[in-house]
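[1] Here is the input, now give the coordinates:
(4 chains)
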Number of protein chains: 2
Amino acid sequence: MNKDQRKKRLVEIGSRIRKARKENGLNLHELALLSGISAPALSLIETGRRDLRITTLCQIATALRVAVGDLLEDRTKELSTAGAGKDEGYDLGDYM
Amino acid sequence: MNKDQRKKRLVEIGSRIRKARKENGLNLHELALLSGISAPALSLIETGRRDLRITTLCQIATALRVAVGDLLEDRTKELSTAGAGKDEGYDLGDYM
DNA sequence: CGCTAATTTATCGATTTCGATAAAAATTGT
DNA sequence: ACAATTTTTATCGAAATCGATAAATTAGCG
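    Numbering: from 1, shown residues only, chains lettered A, B, ... in the order given. Model (predicted):
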């Protein structure tokens, strides 16, 4: 989980939020009222330039009437992907 | 999405993290090394007293090899619950 | 009970989120 | 082209996250 991957995640989450908002026919101002998150903050979030807190994400999800998980990751496929190689054990090597 | 509900969510998320950590036989120090989140911060998170950022949650999920969504909500049941009453329209009444 | 590991709590400082507000830029419709 | 709406950007201040560190508390075990 490096910096680039995190940024990418934020961008993805942001576009999912924007998509859901559009589908509900809301503008930023309206979503701001419904969620309690200001429009400028929402703008930063939707464009993936803010690392929002999870309760903020929950507020947005609630306002948009979607599950939080739906904003976090693509759920068109499977249920619980988990990571690859669940059975390989941890390597704390360099730290011990 | 009021304050109490948010707090409750943080507690739930925290216990899911702790559960996953225990299942992997890791202590806070080890998870700290793997995730890059300090042990004191992890302690606050697991006890639901810190409103962590989503990238932090992602780091933890990656380190624990679980999907982020698995830490956010109960996924033993269905795929994408969304909210109840997806068809009722929004009431911006008092704001307009 | 003692000993050790694990967790919690407390400070501190740097960085970041977030609301509020206003202004600028982009989008949309007429 | 013009006006209105929507989105973006910037600035400010308050509050919160987070790492680092150290101390205190708790757990577990012989």
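[2] Which positions within stretch A:63-81 qualify as buried?
    For stretch A:63-81, burial by neighbour count (16 or more other C-beta atoms under 10 Å in any protein chain shown) applies to A:63-73, A:75. Any C-beta I mention is one placed from the backbone N, CA and C, and that applies to glycine too.
[3] touching DNA strand D at all, that stretch?
    No: Stretch A:63-81 lies out of reach of DNA strand D by C-beta under 7 Å from any atom of the strand, never closer than 13.4 Å.
[4] Let me know the average pLDDT across that stretch.
    Mean per-residue pLDDT for stretch A:63-81: 82.
[5] Beyond the helix or strand containing A:Gln59, next helix or strand please.
    Remark: A:Gln59 resides in helix A:54-64, with elements defined by DSSP states H and E. Using DSSP H and E, the helix or strand that directly follows helix A:54-64 along the chain is helix A:68-72.
[6] And the next helix or strand past the lengthiest helix in chain A?
    Identified as the longest helix of chain A according to DSSP state H is helix A:3-23. Next along the chain after helix A:3-23, taking DSSP H and E as the criterion, comes helix A:28-35.
[7] near DNA strand C at all, that following helix?
    No: Helix A:28-35 stays clear of DNA strand C (C-beta under 7 Å from any atom of the strand), getting no nearer than 7.5 Å.
[8] Quick check: buried residues in whichever helix or strand comes after that helix?
    Sequence-wise, the next helix or strand downstream of helix A:28-35 (DSSP H and E) is helix A:39-46. Residues of helix A:39-46 classed as buried under the neighbour-count rule (16+ other C-beta under 10 Å) are A:41-42, A:44-46.
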